[in-house]
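Asker: heads up, no residue letters with this:
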């Protein structure tokens, strides 16, 4: 086992020997509320997954199991809201065209909503719908007080500007968190709707008790809905309005030379693979005792059976022998993503009460 | 000299042997225009500062000299605009209270504007001004067609919400780039007003011909107006609407253990110090041949003379013996920051023509 600190096995040593570079606060002008100065950086929580230091396979973190727990909490929240005399949270979904994957995603979302006591409706428009008509529909649903949260399933046909569509959704109903103002708030550490996948990664890290403060994280992937927000959540200040992870974060991507990626992941206490490349992260790239979160969803054909199957960005079988914690694909980040979307919907319903 | 690639001395080797991790594009849904897939990551430019491989002191990049060149270009742009029958670009400044540093900053800005042919006016309000009155003044200047660009000098008195003030400025006049929509656009790689200091760092890197694609960058400092936007500019895709640097970027901050920071800067082709900690970056932390950009502005008392003097975050004398390129303080990023603010003002004036 490597001598350097892993996020799990050496938490106590790290707590005591902490030696962050002190007083790091820009002396330049700044927007108050987004910057604070001169605080200590002790690890955030003492709640860790305790594992022995002996060599063994990683603890496989079941996202399905974690999502089940989260579902119970959301269900409770929903029923509490309703019991208080409020409207049942309602998720409005707009589905354009007949892409089978999009249809499956929408079905999973609305079915989960139903199970959790969140009502929903899906408005379907043909792939030939004009941008104007789509924006009109969004406007109508923005104004409809019965709709708590609203999402437009992406991708959209080429003739429609997705950014314009994302920005048309009322920010307070924007359960996907893709509106420019929600992105801005996320990046300024303000409370906002956090896109579901990064929110799922964050929730997994917190619920598993994986320490982030002062730890080294590599995020492989820089997409605007996954990699970038994850990097933003993890590197920022835990004492800001929207708490961050206080981790040192490296953002790697397709321009990162492979040997450089290996060098950096070798130093990482937490590796988050969100690149969409099957088998990108292999055992030789990972530090002994690291936490490895696999956000990749890749459909590949099994050479033996000829059937399509889902795999992540991490060579699961190899890496699980070296890591302390690993999330599987499927059954890892995926189920938690849907759960976080539901959580956002309840948040939107709550926000509406105070508006 | 280290065998690994430096951003300057081994550019040709890096161009030929490039081996980025391929096809990194999330297969998840995304907003089109912010994500592209499957491109090669060759270094961006063949224009490099050529230095021999022998050990010598770094080339000291004069920001003053570079700003002078930029001033000439801005002056030309301004006169061109005016010659075309357009209004002379005008910078509106709001100064609250009587903080001497703020007054000095404002004077530097308006004096530079004057030299470049940009007209300006400074509206001064006492430190007791109410937030309501300040927002009213901003609204008035937003509507005033004679004002091309508008900035409120920060920091503001404690009873005023700086975020509310930043968000009150019309995004297209927001030459400081602090409006939530400009931050959101910056983080989505859309064209926007980029805050002047990160824009200055970016401009220095480009003008000095420092290669960023596929290179390793450490940004020490995570402030929302300096460190975070620099990390954003440098890690993003060069082919997006607002081109990025395609670099692998690590964001370090006060929670980064010092020994870990050293480990990471030791791997970095480019080190950007934006922490506000005098002498944070020392020679032993820097790779031979690296580029070191010092964004720190620290006022310290000289133990010999007893006088206040300005120093950066980098131990200049030590690091310049090891780096290939270094920016001094003063006379490095500072003058370029003011120049970039002027450039933003001309951009705002141009934007107004198409509105």
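Answerer: Perfect, I can see it now. If you're wondering where the values come from, they're calculated on a predicted model, not measured in any experiment.

Asker: which regions of chain A lie under the pLDDT threshold?
Answerer: A:1-40, A:43-55, A:355 (pLDDT under 70).

Asker: try 50 this time
Answerer: Residues of chain A meeting the criterion pLDDT under 50: A:1-19, A:22-38, A:46-54.

Asker: what's the domain layout of it?
Answerer: For chain A, automatic domain parsing gives the domain ranges A:3-26+A:44-65+A:190-336, A:86-187.

Asker: which residue ranges form the helices in the stretch 51-200 of chain A?
Answerer: Remark: helices assigned in the stretch 51-200 of chain A by DSSP state H, counting those that start in this stretch are A:63-83, A:100-115, A:131-143, A:162-168, A:180-187, A:196-207.

Asker: which one of the ones you listed lies closest to chain B?
Answerer: helix A:180-187 (3.3 Å; Cβ to the nearest Cβ). Where C-beta positions appear, they are placed from N, C-alpha and C, glycine not excepted.

Asker: Tell me how many other residues crowd residue A:64.
Answerer: Neighbourhood size, residue A:64 [other Cβ atoms under 10 Å in any protein chain shown]: 14.

Asker: residues in contact with residue A:266?
Answerer: A:285, A:286, A:287 (Cβ atoms under 8 Å, 6 or more residues apart in numbering or on different chains).

Asker: any idea how far chain B is from the last one?
Answerer: In other words, residue A:287. Distance of residue A:287 to chain B, computed by Cβ to the nearest Cβ, to the nearest Å: 13 Å.

Asker: Name the stretch among the domains of chain A that sits most buried.
Answerer: Of all those, domain A:3-26+A:44-65+A:190-336 has the most neighbours on average by mean count of other Cβ atoms under 10 Å in any protein chain shown, namely a mean of 21.

Asker: picking up where we left off before, mind checking which of the contacts of residue A:266 are in helices?
Answerer: Using DSSP state H, no member of the contacts of residue A:266 sits in helices.

Asker: Excluding chain neighbours, what is closest to the most centrally placed residue in chain A?
Answerer: Nearest to the geometric centre of chain A sits residue A:198, at 1.6 Å (Cα atoms, centre = their mean). Of all residues not flanking residue A:198 in the chain, residue A:229 sits nearest, at 3.8 Å (Cβ to Cβ, 6 or more residues apart in numbering or on different chains).

Asker: go on, residue A:207?
Answerer: Using Cβ to Cβ, 6+ apart, the nearest residue to residue A:207 is residue A:66, at 5.8 Å.

Asker: same thing with residue A:157?
Answerer: residue A:127 (4.9 Å).

Asker: What of residue A:347?
Answerer: That would be residue A:193: by Cβ to Cβ, 6+ apart, it lies 7.1 Å from residue A:347.

Asker: show me what contacts the one you found?
Answerer: Counted by Cβ under 8 Å, 6+ apart, residue A:193 has contacts A:171, A:174, A:175, A:176, A:177, A:179, A:182, A:344, A:347, A:348.

Asker: again, but for residue A:58
Answerer: A:292, A:319, A:320, A:321, A:322, A:323, A:324, A:325, A:326.

Asker: Got the phi and psi for the second one?
Answerer: Translated: residue A:319. phi -70, psi -30 (degrees, to the nearest 10).

Asker: how about the strands in the stretch 151-300 of chain A?
Answerer: Assigned by DSSP state E, counting those that start in this stretch, the stretch 151-300 of chain A shows strands spanning A:216-220, A:248-252, A:270-273, A:291-294, A:298-301.

Asker: For the contacts of residue A:58, give me CSV that also has distance to chain B and secondary structure.
Answerer: Shown next, in CSV, are the contacts of residue A:58 (distance: Cβ to the nearest Cβ, whole Å; DSSP: H, G, I helix; E, B strand; the rest coil):
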residue, distance to chain B, secondary structure
A:292, 16, strand
A:319, 16, helix
A:320, 21, coil
A:321, 22, coil
A:322, 20, coil
A:323, 19, coil
A:324, 19, coil
A:325, 20, strand
A:326, 20, strand
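
Asker: Which pair of the residues you listed spans the longest distance?
Answerer: A:321 and A:325 (12.9 Å; Cβ to Cβ).

Asker: residue contacts, the nearest residue to residue A:194 once chain neighbours are set aside?
Answerer: Nearest residue to residue A:194 in three dimensions, chain neighbours excluded: residue A:177, at 5.3 Å (Cβ to Cβ, 6+ apart). Contact analysis of residue A:177 by Cβ under 8 Å, 6+ apart lists A:183, A:186, A:192, A:193, A:194, A:195, A:196, A:199, A:229, A:344.

Asker: Can I get those in TSV including distance to residue B:108?
Answerer: Listed next are the contacts of residue A:177 as TSV, based on distance: Cβ to Cβ, whole Å:
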residue	distance to residue B:108
A:183	32
A:186	33
A:192	35
A:193	40
A:194	39
A:195	40
A:196	45
A:199	43
A:229	36
A:344	45
